[in-house]
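*Asks:* Give me a model of this one.
(one chain, ligands or ions: 1)
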Amino acid sequence: MNFALNDEQLEWQQRCRAFATDVIRPAAPIHDREESVPWEVMKAANAAGLSGLAAIERTGSDPDGLLGPIYAEEMHFGCAGIALAISGSTLAAAGIAASGTPEQIGQWVPQALGIGDELGLGAYAVTEPQAGSDVKGLRTTAKRDGDEWVLNGTKVFITNGGIADVTVVVATVDPALGHRAQASFIVPKDTPGFRQGKKESKIGIRASQTTELIFEDCRIPLENLLGGMEKLERKLERARSGETSAKGASNALATFELTRPMVGASALGIAQAAYEWTMEYFLSGGDVADPVELYLDDSSTAGRPPIERQNVQQVLADVATEIEAARLLVWRASWMGRNGIPLAGGQGSMSKLKAGDVAMWATTRLMDLVGPYAAETPLEKWFRDAKIYQLFEGTAQVQRLVISRMQASEFRERMEGARAAVESAERIVAEAADDVQATATTA
Ligand SMILES: Cc1cc2nc3c(=O)[nH]c(=O)nc-3n(C[C@H](O)[C@H](O)[C@H](O)COP(=O)(O)OP(=O)(O)OC[C@H]3O[C@@H](n4cnc5c(N)ncnc54)[C@H](O)[C@@H]3O)c2cc1C
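*Replies:* Presented below is the predicted three-dimensional model:
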């Protein structure tokens, strides 16, 4: 086993870090303050081959699967909101790739990600006011009317809402069949009956646009149903006959397991940024909130540079260790996914859960350490940006449920395997004993 990055991975890491530092960082405070879409940075990322199809092709070329998480971490090191504005369209592209026919993938993925110098944006709209973690409760409907589908409903908290060229909308075609009649539809920008609702004002990732989307008798062509009519008919048939589709559910779970390490890597970028800034701050003599010194007159630390104080060292050591631990989980899950090793124990979810929790915990600890004036430092933004990684793409609580269920299922399989092995061994022993008995009797 080799834990060292190879030359190609190191070069890619440096390239992404340079873009994050030189292009993303200078633009971050403005877009964070104004909650504006960072078009100029998105265009620069496209020109540098750090977004869209170019980035997907490059990161997908690595047999270790590490170029993807390295990219996500380094871009988010620059600014999580801008990095999401640059890469958020991949969610829509993944939705099209997962459900679409080859023709639909060829038609819509390039539009969602951009072609050449042309920026393209995608949105993936699932969440509704009453259906977040519980996606079974979706109420947006799609009714067939001749050669068209007619969509009605409201989606909330949609990344790239209102600015996306292509929106993938999950809706139910038969409310009586509930979630088993859900399907995905392509709604191009400017389709009549489709409009942006309220734009959210958020505490973090403010450069990434999040809005409501409203569908009022929104008509789209029949062929905008992802996967096509035949596939939908088969699905509805199964739903009507009451046939359960454990395969469908496990396919969806397996897909999320593959995408979650990238979300974990994004959270790590924030934690790493906060850690590096704090280390630099103390190394260059920055002051520290030191309750020990303030209240207990601890003479053993008085007069020492902050970096030599034990309370500072304790926190920095914990933060560094947690970041490393989370990164190993992220990289392992990415490596497993790339090499076709099933993430049956929830390794993808584990990596996202751990990295999201580490980002929130680390930025909180570092803010506490720097003290009352931390709110006037860059730590304040990283602290705000971190929170979303415990919420979207599966909340931390839901991740825990997923992990424990996948673990239980893996254990059950292992126990059944062990039981079958014991039974088979017992059978062999019994047969051997019978043979011995028979031989003895004959003799
Ligand atoms: C900035 C941002 C961007 C987003 N982008 C998109 C997007 O592009 N597309 C999209 O479709 N959605 C998007 N979302 C929605 C996001 O996926 C949902 O917010 C998320 O799934 C949680 O849903 P909810 O907010 O309705 O919370 P709820 O599901 O209502 O949960 C509320 C609380 O209850 C907890 N909870 C829920 N169920 C359980 C349970 N069974 N056991 C224990 N605890 C539970 C949750 O963990 C949470 O703490 C985005 C959200 C935000 C904030």
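*Asks:* show me the contacts for residue 343.
*Replies:* Residue 343 is in contact with 254, 257, 258, 333, 336, 337, counting by C-beta atoms under 8 Å, 6 or more residues apart in numbering. Every C-beta, even on glycine, is put in place using the N, C-alpha and C of the backbone.
*Asks:* Can you tell me which helices and strands the one helix or strand the second one maps to packs against?
*Replies:* Looking back up the chat, that one is residue 257. Taking DSSP states H and E as the definition, one finds residue 257 inside helix 246-283. Packed against helix 246-283 by the contact rule (3 or more C-beta pairs under 8 Å, 6 or more residues apart in numbering; DSSP states H and E) you find helix 67-78, helix 80-87, helix 89-99, helix 310-338, helix 347-370, helix 379-386, helix 396-442.
*Asks:* The last one and the ligand, are they touching?
*Replies:* It refers to helix 396-442. Yes. Using C-beta under 6 Å from any ligand atom, helix 396-442 comes into contact with the ligand via 397, 398, 401.
*Asks:* tell me the angle that helix makes with helix 347-370.
*Replies:* In terms of direction (axes from the mean of the first three to the mean of the last three C-alpha atoms, to 10 degrees), helix 396-442 departs from helix 347-370 by 140 degrees.
*Asks:* Report the distance from helix 396-442 to the chain centre.
*Replies:* The gap between the average C-alpha position of helix 396-442 and the chain average comes to 36 Å, counting by C-alpha atoms, centre = their mean, to the nearest Å.
*Asks:* In terms of secondary structure, what does it contact?
*Replies:* Contact here means 3+ C-beta pairs under 8 Å, 6+ apart; on that basis helix 396-442 packs against helix 246-283, helix 347-370.
*Asks:* a markdown table for the ones you listed, including mean neighbour count?
*Replies:* Converted to a markdown table, those look like this (neighbours: other C-beta atoms under 10 Å):
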| stretch | mean neighbour count |
| --- | --- |
| helix 246-283 | 21 |
| helix 347-370 | 25 |
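*Asks:* okay if I get those as JSON lines plus mean pLDDT and distance to the ligand?
*Replies:* As requested, the helices and strands packed on helix 396-442 are arranged in JSON lines below (pLDDT from 0 to 100; distance: least, C-beta to the nearest ligand atom, whole Å):
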{"stretch": "helix 246-283", "mean pLDDT": "88", "distance to the ligand": "11"}
{"stretch": "helix 347-370", "mean pLDDT": "97", "distance to the ligand": "11"}
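*Asks:* Can I get those in CSV including distance to residue 387?
*Replies:* CSV is the format used below for the helices and strands packed on helix 396-442 (distance: least, C-beta to C-beta, whole Å):
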stretch, distance to residue 387
helix 246-283, 10
helix 347-370, 6
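*Asks:* To residue 203, which of those lies closest?
*Replies:* Using C-beta to C-beta as the criterion, the shortest distance between residue 203 and the helices and strands packed on helix 396-442 is 12.2 Å, found for helix 347-370.
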